[in-house]
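1. Provided below for reference: sequence and predicted model.
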Amino acid sequence: MLHNFSPMDLEELIRKVVNEQLEVFRKNLSTENPEELLSRAEACGLLKVNLTTLWNWTKKRKIIAYGIGNRVYYKRAELMERLVRIN
């Protein structure tokens, strides 16, 4: 079956299948555990903001932070709840 594919066609097919599976994995990861604790870096990545913005939102109590020792965490579900619909 593979002898009908050129190397470039085979490479494109593999790339397509891997991208589809990664997208499924990402969707499952984001909905799998809403109570998951995120580090500051992970929260910034989820919200697509920098650390300064995250710190300001926490200081202004727009979002809730949790701590253990000197580590700071955010709950994924609470971050998603704070998002508001614009229109």
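-> Sure, I can see it. Numbers count the residues shown, from 1 in each chain.
2. For C44, which residues are in contact?
-> By CB atoms under 8 Å, 6 or more residues apart in numbering, the residues touching C44 are N50, L51, T53, L54. C-beta: built from backbone N, CA, C; applies to glycine.
3. and the gap between the first one and E20?
-> I take that to be N50. 31 Å (CB to CB, to the nearest Å).
4. still on that earlier bit, in terms of distance to P7, which of the contacts of C44 ranks first?
-> Closest to P7 out of these is N50 (42.2 Å), distances taken as CB to CB.
5. now the closest one, nearest residue through space, not along the chain?
-> Computed as CB to CB, 6 or more residues apart in numbering, the closest residue to N50 that is not its neighbour in sequence is C44, at 6.3 Å.
6. Grab the most central residue of the protein for me.
-> Most central in the chain under CA atoms, centre = their mean is L46, positioned 4.5 Å from the mean C-alpha point.
7. Domains in the chain, by residue range?
-> Listed domain ranges for the chain are 1-32, 34-87 (source: automatic domain parsing).
8. avg pLDDT for the last one?
-> Along domain 34-87, the predicted local confidence has a mean pLDDT of 93.
9. next one: it to chain centre, how far?
-> 12 Å (CA atoms, centre = their mean, to the nearest Å).
10. what do you get for the first one?
-> Taking the mean C-alpha point of domain 1-32 and that of its whole chain, the gap between them comes to 20 Å (CA atoms, centre = their mean).
11. okay, now E35: neighbour count?
-> Neighbour count for E35, taken as other CB atoms under 10 Å: 8.
12. cool, and R76?
-> With other CB under 10 Å as criterion, R76 counts 19.
13. The one 4 residues further on now?
-> The number of residues packed near M80 is 12, by other CB under 10 Å.
14. so it, which of the three states?
-> Classification of M80 by DSSP: H, G, I helix; E, B strand; the rest coil places it in helix.
15. how much space between it and P7?
-> For M80 relative to P7 (CB to CB), the value is 43 Å.
16. swap in N33?
-> Using CB to CB, we find N33 at a distance of 40 Å from P7.
17. again, but for L79
-> From L79 to P7 the distance is 44 Å (CB to CB).
18. Other residues contacting the longest strand anywhere in the chain?
-> In the chain, taking DSSP state E as the definition, the longest strand is strand 71-75. The contact list for strand 71-75, computed with CB under 8 Å, 6+ apart, reads 34-40, 43, 58, 63-67.
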